[in-house]
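Asker: Have a look at this fold, sequence not included:
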């Protein structure tokens, strides 16, 4: 997501940019994402807020393009204790406190507070295809190749942009990179339109993200876990937690179990190296979708400086 968005921004600005990638979009973590605009495990917050605000604006525009797969959905973030306004509220128009009838099962279920807001929900199979078509329309080329170092590219390019995500751990020796494993269950949508986020659920991170035909149910945030095989017991727990929040999911057909590794880092690395034509743009945690266009525009600025 980060690399493809940056490449499109460069091509559409008239810069001759191509992509070199080990995996095409359907085989990446981005294809697994629930893909709702929401800053999650990405730092520092001040920069995340600025990049996220810009990305929200772009997605709002894309929601008017049917083939993009971007939907603007209203939903709620719920809490078991009273909480202050969310730190990211400055990036989202009209965040408000939930009414009591908007809290799942009311206070009896232990939910004491929440925020209602409208956010972009991105149907990743549709959106990734849209981005690839947009990149191709800008005459961008994609080469599938596994790299062992960025030096393999520096002879043939004036600037190399490193958007390797978790792969930066090996590609540039960044030991601060760590996987944050996420597992989801994809089910047939029983008619839901509102998303529900319960980040502090004591039984595990819980979210329901309805799309046009299906729902993404989650999830997990297992830091340091590398296993990509979906775990049946974890899936059962996700279904139980989500059904408790939304009873209509009880009879929903299960379509798929998937897992992916978010690229965790103490802070996002978006910078130009001194004296070498390399720009880094990776380490976005669970916020690759949320920050994609804001980070792409800053990458474009850095490329302009480098050139």
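Answerer: Noted; the coordinates are in hand. As the structure is a prediction and not an experimental result, all values here were calculated from the model.
Asker: Quickly find the element holding the closest residue to residue 93 other than its chain neighbours.
Answerer: Counting by Cβ to Cβ, 6 or more residues apart in numbering, residue 93 lies nearest to residue 118, which is 7.4 Å off, once chain neighbours are set aside. In short, each C-beta sits where N, CA and C put it, glycine included. Counting by DSSP states H and E, the element that carries residue 118 is strand 113-122.
Asker: Pull the distance from that strand to the chain's centre.
Answerer: Mean-position distance between strand 113-122 and its chain equals 15 Å (Cα atoms, centre = their mean, to the nearest Å).
Asker: Show me the helices in the stretch 51-200 of the chain, by range?
Answerer: 124-137, 151-154, 168-171 (DSSP state H, counting those that start in this stretch).
Asker: Tabulate those (JSON lines), appending mean neighbour count, distance to residue 55 and mean pLDDT.
Answerer: Formatted as JSON lines, the helices of the stretch 51-200 of the chain follow (neighbours: other Cβ atoms under 10 Å; distance: least, Cβ to Cβ, whole Å; pLDDT from 0 to 100):
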{"stretch": "helix 124-137", "mean neighbour count": "17", "distance to residue 55": "13", "mean pLDDT": "97"}
{"stretch": "helix 151-154", "mean neighbour count": "14", "distance to residue 55": "27", "mean pLDDT": "86"}
{"stretch": "helix 168-171", "mean neighbour count": "18", "distance to residue 55": "21", "mean pLDDT": "96"}
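Asker: Could you dump these into CSV and include distance to residue 259?
Answerer: Formatted as CSV, these follow (distance: least, Cβ to Cβ, whole Å):
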stretch, distance to residue 259
helix 124-137, 14
helix 151-154, 30
helix 168-171, 18
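Asker: just so I know, which of these lies nearest residue 145?
Answerer: helix 151-154 (8.4 Å; Cβ to Cβ).
Asker: Select the helix or strand of this structure having the lowest average pLDDT value.
Answerer: helix 151-154 (a mean of 86; mean pLDDT, DSSP states H and E).
Asker: can you give me the strands for this protein?
Answerer: Listed in chain order, the strands of the chain (DSSP state E) span 19-21, 70-79, 96-97, 113-122, 142-144, 160-162, 178-188, 195-198, 206-210, 214-218, 222-223, 254-264, 269-272, 278-282.
Asker: now those as CSV including distance to residue 240 and mean pLDDT?
Answerer: Listed next are the strands of the chain as CSV, based on distance: least, Cβ to Cβ, whole Å; pLDDT from 0 to 100:
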stretch, distance to residue 240, mean pLDDT
strand 19-21, 37, 97
strand 70-79, 17, 96
strand 96-97, 28, 96
strand 113-122, 21, 97
strand 142-144, 40, 96
strand 160-162, 40, 97
strand 178-188, 11, 97
strand 195-198, 13, 96
strand 206-210, 10, 97
strand 214-218, 10, 97
strand 222-223, 18, 97
strand 254-264, 13, 97
strand 269-272, 38, 97
strand 278-282, 35, 97
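Asker: Put together a markdown table for those, with mean neighbour count and distance to residue 62 on each row.
Answerer: Shown next, in a markdown table, are these (neighbours: other Cβ atoms under 10 Å; distance: least, Cβ to Cβ, whole Å):
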| stretch | mean neighbour count | distance to residue 62 |
| --- | --- | --- |
| strand 19-21 | 19 | 20 |
| strand 70-79 | 20 | 4 |
| strand 96-97 | 12 | 24 |
| strand 113-122 | 21 | 8 |
| strand 142-144 | 12 | 21 |
| strand 160-162 | 23 | 22 |
| strand 178-188 | 22 | 22 |
| strand 195-198 | 24 | 18 |
| strand 206-210 | 25 | 17 |
| strand 214-218 | 24 | 19 |
| strand 222-223 | 16 | 31 |
| strand 254-264 | 19 | 23 |
| strand 269-272 | 17 | 22 |
| strand 278-282 | 24 | 20 |
